[in-house]
Every structure is written in C-alpha cells, then in structure tokens.
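Student: Starting from these lines, generate the structure:
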Amino acid sequence: MIAFIQAHAIWVVPAALILSFLKSLAFVSLVVPSSLVVALIVALMGTSHESVWPVWVAVSIGAGLGDWVSYTLGDRLKERAHHMWPFTRRPELIPRGERFFYRWGALSVVFCRFFSPLRATVPLLCGIFEMPWLTFQVANWISAFIWAGVVLLIGEGVLHVFG
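Tutor: Have a look, this model is predicted:
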C-alpha cells in the first residue's frame, strides 16, 4: 500500500477531498469511515515525503462543502426530514438535536464536527431549524479547517508511532 501511495501520490489530495466530503454529508456519513481513512492517507503520504498542506486544504474544503450540502438539504426538506431514514428508525434524534442546536447555536456545528454521526446530522438540523446562512457558514468553515488539522495531526502521529 505504501508503494501504491508513493507511485500515485497525485491522487492523495483528490481522494482526501472526496472522502471528507462524503464523511460530512448527511446520511452518507453513517457508512463512510473517512476520518480514519484520511488519517491513514496522511500517514502513508508521509512515507512518500509529499507535503501535508495540500491535503489539509483538500480535507477542509471537502468537509466544508459536505456540511454546506447537508445544510441546504435540511433547509429544503424541513418537516419532510422527519419521515426519512435514520429519523424514522430513531425519531428521538430530531428533538435531541433540536435541543442541542438551540442550546449551543453556531457552536453546535463546531462541537459536532468532532463527533460522528453528529458531524453530518447537525448541519442538516441547522438547515431544518433555519440557522441563518451566514452564521452557519462561518461556523462550518472555521470548524472544517480545525477538524482537518486535528485529523491530519492524528495521521502524523500515526506516522511517527508506526513509521
């Protein structure tokens, strides 16, 4: 795998962007374990001596775009979201998310960026409960870059421990 990453290092940045985008999408994030995958990509990328900065930007942009799409989806769905999976199977998620959302406001986006599956659920709820667009975007993009940095630091740590 290390040899594959070294031979195809040009694909690490687009793959990191796509994985972080998918991990930030409502519903999709429940089945895509991209945080671990991105951390491993960084660890493996370190063996090819490629710069981490483009990966950090790609992971941040992917995460921010994924949350933006989730917010937009929530804004468009509103009450119809109550009748969709996973809310049909776990109807308590919406009232719990609503309480959390109203208690923490924009900080809910920042906090939940670090906890899957809340990472993609909260942006959806922000759209459903009509958080102002600009407020959401500021919290979204700041938390996306912080989250990506943390994920990459974990990847770097894996590299130093096992490299």
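Student: and the gap between the closest residue in space to S24 that isn't next to it in sequence and T88?
Tutor: Once flanking residues are discounted, S24 sits nearest to G66: 2.6 Å by C-beta to C-beta, 6 or more residues apart in numbering. For glycine as for every other residue, the C-beta is placed from the backbone atoms N, C-alpha and C. Computed with C-beta to C-beta, to the nearest Å, the distance linking G66 and T88 is 23 Å.
Student: Then R99?
Tutor: 20 Å.
Student: quick one: V13 and I61, what's the gap?
Tutor: Distance from V13 to I61, by C-beta to C-beta: 10 Å.
Student: just for this structure, where's the confidence low?
Tutor: Across the chain, the ranges flagged by pLDDT under 70 are 1-2, 5-6, 30, 32-50, 116-117, 157-163.
Student: Let me see the ranges of the strands in it.
Tutor: With DSSP state E as the criterion, the chain has no strands.
Student: residues contacting I61?
Tutor: Neighbouring residues of I61 by C-beta atoms under 8 Å, 6 or more residues apart in numbering: L17, S20, A144.
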